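Undergrad: Build me a structure from this.
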Amino acid sequence: MGSLVKGVMIHESLLIHDYATPSFHSSAHSLLRKLRHSNLHIGISFSPSLPHNKVNVLKKMAMEYSFDCFLLDDESSFDGVNEITLSWGGIGGKILFLVPSDKKVAFGQLNNLGWIIVVFDVEGAGACESSGVVCISKLEELPMIICASIRKAIGDGVVTVGYIMKPSREEDFAKRGAFPMNPSPNGLMFLPLTFELPLQSQLQLVDIVLHKATDEIISVDLSGSSESSNRITFSAGMQELQRYMEHHSDCFAIDTLDKIYPVLDRLKIQQILLGLDALNKERCRAIRGPHFLKVNGFNDPDLAQSLSEAKLSLPSIVKPQVACGVADAHSMVRISLIANDTTVG
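TA: Numbering: from 1, shown residues only. Modelled structure (predicted):
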């Protein structure tokens, strides 16, 4: 097993707009959010000649995303390495350094220290074919490069989980240490997938796909009685992922998209819960699903009788049949009287 990437350094020019009032690129925010809880050392390098207003922006972002800032002069880069070594100590692995194309020669000498130099070039991989240096054209590609490097070094001793979900959900999991890019003791590492890049190149690096497909639902059709993922309209990106998984049986998904439909339909969920009765045993406390009734309209003259037959009484809560994935899935109405007296709760 080779030496793993344990630290990631990014040149500041790839993160900050070169405006009179400096600010971070939107893609930089997204990348730093993903790296923040990666369980890797993360640093931003900047030149001693960087204007103070840019340095202040860097330091502010360093506090927000918990990364380090290091002076690293492209004319004498070895001098700044000592500070990095002292700060990060014996990290037990390599440092991957993302630099702009106009700095690749100056910082290329760090290869002699075992650093992995990755060049950011808008022309992408084609710009570096003859030099043997890894090139990327988007910041979103950096997690892929980190993952590929670790997989190459560790071989079959790691299982890579690619995950896709909305940013707020991802952040909630990541801050609890659920998505480390640095392999865990039990041999798991996580790669954030993005619809901003071709999925095939990303999925070739993963063994398992963990998704929250309900974050990518455009619409759900509950008319009819068939159970099929075709009744769910996903975003273009999720449809691409679905097609890939259908044609690559070796790509294991948690869960397959055809298993999602029952949890989208509150009526189906309740019908499944009816099966709890079969688990009850003598001299044990009984368990059951809640009483329920599908309501097709509040003007039904037999609504009161239907409620009684379903062992329901007022006041009751009515929720949409679609359980998640659409805007009104979590709305509800409180029914207090049958005579058209409803209040939103």
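Undergrad: name the element F97 belongs to?
TA: strand 94-100 (DSSP states H and E).
Undergrad: Assumed L31 was part of a strand.
TA: No: counting by DSSP: H, G, I helix; E, B strand; the rest coil, L31 is not part of a strand but helix.
Undergrad: My guess is it contacts M144. True?
TA: No: with contact defined as CB atoms under 8 Å, L31 does not count as touching M144 (11.6 Å). In short, each C-beta sits where N, CA and C put it, glycine included.
Undergrad: Those two: which is more packed in?
TA: L31 (26 against 21; other CB atoms under 10 Å).
Undergrad: tell me the contacts of the spatially closest residue to the more buried one that is not a sequence neighbour?
TA: Of all residues not flanking L31 in the chain, L139 sits nearest, at 4.8 Å (CB to CB, 6 or more residues apart in numbering). Shown in contact with L139 (CB atoms under 8 Å, 6 or more residues apart in numbering): 14, 25, 27-28, 30-31, 120.
Undergrad: Can you list which of the residues you listed are found in strands?
TA: F120 (DSSP state E).
Undergrad: which among the contacts of L139 end up buried?
TA: 14, 28, 30-31, 120 (16 or more other CB atoms under 10 Å).
Undergrad: now, the most widely separated pair of those residues?
TA: By the measure CB to CB, S30 and F120 form the most distant pair in the buried ones among the contacts of L139, at 15.3 Å.
Undergrad: Check what pLDDT the residue nearest to L31 gets.
TA: Per-residue pLDDT puts L139 at 95.
Undergrad: For N299, see how far away it is.
TA: 56 Å (CB to CB, to the nearest Å).
Undergrad: now the protein, which segments are flagged as low pLDDT?
TA: Applying pLDDT under 70 to the chain flags the ranges 1-2, 19-20, 75-78, 124-132, 224-230, 338-345.
Undergrad: Specify the residue ranges that define each domain of it.
TA: Listed domain ranges for the chain are 5-149, 158-264, 284-344 (source: automatic domain parsing).
Undergrad: Isn't F179 up against F173?
TA: Yes: using CB under 8 Å, F179 is in contact with F173, at 5.9 Å.
Undergrad: Helices along the chain, start to end?
TA: 26-36, 52-65, 77-88, 104-107, 142-154, 167-174, 199-203, 236-247, 261-264, 266-273, 303-309 (DSSP state H).
Undergrad: Quick check, F234 in contact with D215.
TA: No: with contacts defined as CB under 8 Å, F234 does not count as touching D215, sitting 9.8 Å away.
Undergrad: more crowded one of those two?
TA: Between F234 and D215, counting by other CB under 10 Å, F234 is the more crowded of the two (21 against 18).
Undergrad: how near is the more buried one to K60?
TA: 38 Å.
Undergrad: and if you look at D102?
TA: 26 Å.
Undergrad: coming back round to it: distance between the strand holding F97 and the chain's centre?
TA: From the chain centre to the centre of strand 94-100 is a distance of 23 Å (CA atoms, centre = their mean, to the nearest Å).
Undergrad: Counting by contacts, list what that strand packs against.
TA: Applying 3 or more CB pairs under 8 Å, 6 or more residues apart in numbering; DSSP states H and E, we find strand 94-100 packed against strand 5-11, strand 116-120, helix 142-154.
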